[in-house]
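S.K.: only geometry, no sequence info:
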């Protein structure tokens with residue numbers, strides 16, 4: 001069923017080419033900034049960082065916290081997110097990219113401000129590690145399709161990863177398609193009659 005839903009979404013929406021970033025650092029920074037806000041607001045903050053030449057982990061490590069706060073204000077929660085950006089920038093300063101995925105994930109989850117969704121977004125989109133990203137949209141879809149009842153992150157993630165090929169590009173595209181579906185049809189007040197997977 002998960003593969004059928006994926007095929008239906010891909011046919012209907014087409015490829016999403018997500019994550020919209022130019023560099024690995026930009027993906028990592030974006031993964032922090034997108035916490036509790038819309039991508040539209042993140043884009044404004046990213047634009048500010050790029051304009052000043054600060055959209056890299058190296059620059060984030062160097063510039064004062066107050067400067068980061070001013071630049072990322074559009075993304076909301078700018079005081080705590082500036083601290084998170086400093087923490088993740090320090091984490092990657094001497095990081096060995098050959099670290100295996102499980103250990104890499106555990107290390108990320110020990111960084112201040114990094115939860116499951118943020119860690120897995122970094123793993124999947126910045127480092128092409130085969131982990132499926134779960135968000136509120138994913139859980140909403142599963143419940144409405146009556147495919148899986150749990151809302152626990154790691155249980156939902158296991159459901160996807162046990163029932164899909166272990167394919168990084170598939171995981172990226174599927175997650176992006178679910179986000180697209182949730183923003184257009186599977187909203188809090190859904191448009192079920194027009195949904196492209198109502199019969200999937």
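M.R.: Received it, and whenever you're ready, just let me know what you need. Quick caveat: nothing in here was measured; it's all calculated off a predicted structure.
S.K.: Residue 28 contacts residue 55, doesn't it?
M.R.: No: look at residue 28 against residue 55 with CB atoms under 8 Å: they stay out of range, at 10.3 Å. C-beta: built from backbone N, CA, C; applies to glycine.
S.K.: The two: which is more packed in?
M.R.: Each of residue 28 and residue 55 has its neighbours counted (other CB atoms under 10 Å); residue 28 has more, 26 against 22.
S.K.: host element of that one?
M.R.: Taking DSSP states H and E as the definition, residue 28 sits inside helix 24-33.
S.K.: Report the rounded mean pLDDT for the next helix or strand after that helix.
M.R.: As assigned by DSSP H and E, the chain's next helix or strand after helix 24-33 is helix 39-51. Across helix 39-51, the average pLDDT comes to 97.
S.K.: buried ones in the helix or strand just after helix 39-51?
M.R.: As assigned by DSSP H and E, the chain's next helix or strand after helix 39-51 is helix 57-62. Residues 57, 59, 60 are the ones in helix 57-62 that count as buried (16 or more other CB atoms under 10 Å).
S.K.: what's the closest non-adjacent residue to the first one?
M.R.: Here the nearest residue to residue 57 in space, its sequence neighbours aside, is residue 89; by CB to CB, 6 or more residues apart in numbering that works out to 4.3 Å.
S.K.: who's in contact with that neighbour?
M.R.: With contact set as CB atoms under 8 Å, 6 or more residues apart in numbering, residue 89 has these partners: 57, 58, 60, 61.
S.K.: which one among those gets closest to residue 5?
M.R.: Relative to residue 5, the closest of the contacts of residue 89 is residue 57; by CB to CB it sits at 35.7 Å.
S.K.: quick one: contacts for that closest one?
M.R.: Contacts of residue 57 by CB under 8 Å, 6+ apart are 25, 28, 29, 88, 89, 92, 93.
S.K.: check which helix or strand covers the fifth one.
M.R.: Residue 89 belongs to helix 78-91 when elements are defined using DSSP H and E.
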